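A.B. asks: this one's sequence-less:
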């Protein structure tokens with residue numbers, strides 16, 4: 001039986017092929033068009049909720065033909081998938097620009113910025129990456145997608161730590177991977193559990209203290 005939730009094989013979700021974007025824009029005009037589609041998508045979702053969102057309404061609000069939208073996104077699930085990938089790419093780029101390439105920073109400041117940008121649940125660079133998205137994430141994401149993001153985040157953390165020329169003793173790759181799991185896993189749980197602002201702030205502070213202490217002690 002087919003459905004938007006996919007079938008299950010070997011305990012892993014099988015995402016409906018229509019939940020995948022058909023292509024990614026490469027030319028400037030196409031990039032501009034898809035960005036307009038994403039902006040309309042977010043506005044309508046905030047206004048009408050996920051059940052009330054349709055690809056036709058997104059195309060109308062974005063000012064593009066429905067056929068143009070379908071060139072990229074065969075369904076609203078595919079549009080969600082493309083949007084999340086778009087925002088995650090933006091996060092990785094922001095980490096590169098604000099942390100990896102920030103050569104004026106000492107190691108402690110660089111690491112704290114790395115943690116904050118990775119962890120903060122309400123980061124302005126990740127609009128609408130929230131509890132509503134996590135509730136329907138299984139419709140668009142397979143384990144391989146989560147693994148790819150983990151690999152990309154771990155690589156960016158390794159680059160950021162490698163850029164700390166004044167760091168006493170660099171950590172092992174296994175340690176960095178463990179920190180990424182703690183950071184990204186904690187962020188996702190904050191989005192799900194929605195703790196009080198003070199609790200989230202305490203968690204972020206503890207992440208900074210723990211990682212910076214480990215790095216300072218070279219252990």
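C.D. replies: That came through fine. These figures come from a predicted structure and were not determined experimentally. Numbering: from 1, shown residues only.
A.B. asks: so who does the spatially most central residue of the chain touch?
C.D. replies: In the chain, the residue lying closest to the centroid (CA atoms, centre = their mean) is residue 88, at 3.6 Å. For residue 88, the contacting residues are 149, 152, by CB atoms under 8 Å, 6 or more residues apart in numbering. Every residue, glycine included, has its C-beta placed from N, CA and C.
A.B. asks: where's it, which helix or strand?
C.D. replies: Secondary-structure assignment from DSSP states H and E places residue 88 in helix 76-95.
A.B. asks: Please point out which parts of that helix sit buried.
C.D. replies: Within helix 76-95, the residues that count as buried by 16 or more other CB atoms under 10 Å are 76-85, 87-88, 91-92, 95.
A.B. asks: and if you look at stretch 204-219?
C.D. replies: Within stretch 204-219, the residues scored as buried using 16+ other CB under 10 Å are 204, 207, 208, 211, 212, 215.
A.B. asks: thought the last one was touching residue 167?
C.D. replies: When you say that, I think you mean residue 215. Yes: counting by CB atoms under 8 Å, residue 215 does reach residue 167; the two are 6.3 Å apart.
A.B. asks: shaky segments in this protein?
C.D. replies: Within the chain, the ranges that satisfy pLDDT under 70 run 1-15, 122-129, 219.
A.B. asks: let's see 80
C.D. replies: 1-18, 121-132, 135, 218-219 (pLDDT under 80).
A.B. asks: which residues of it fall in strands?
C.D. replies: With DSSP state E as the criterion, the chain has strands at 7-9, 12-14.
A.B. asks: Wait, residue 186 touches residue 203, no?
C.D. replies: Yes: counting by CB under 8 Å, residue 203 is a contact partner of residue 186 at 6.2 Å.
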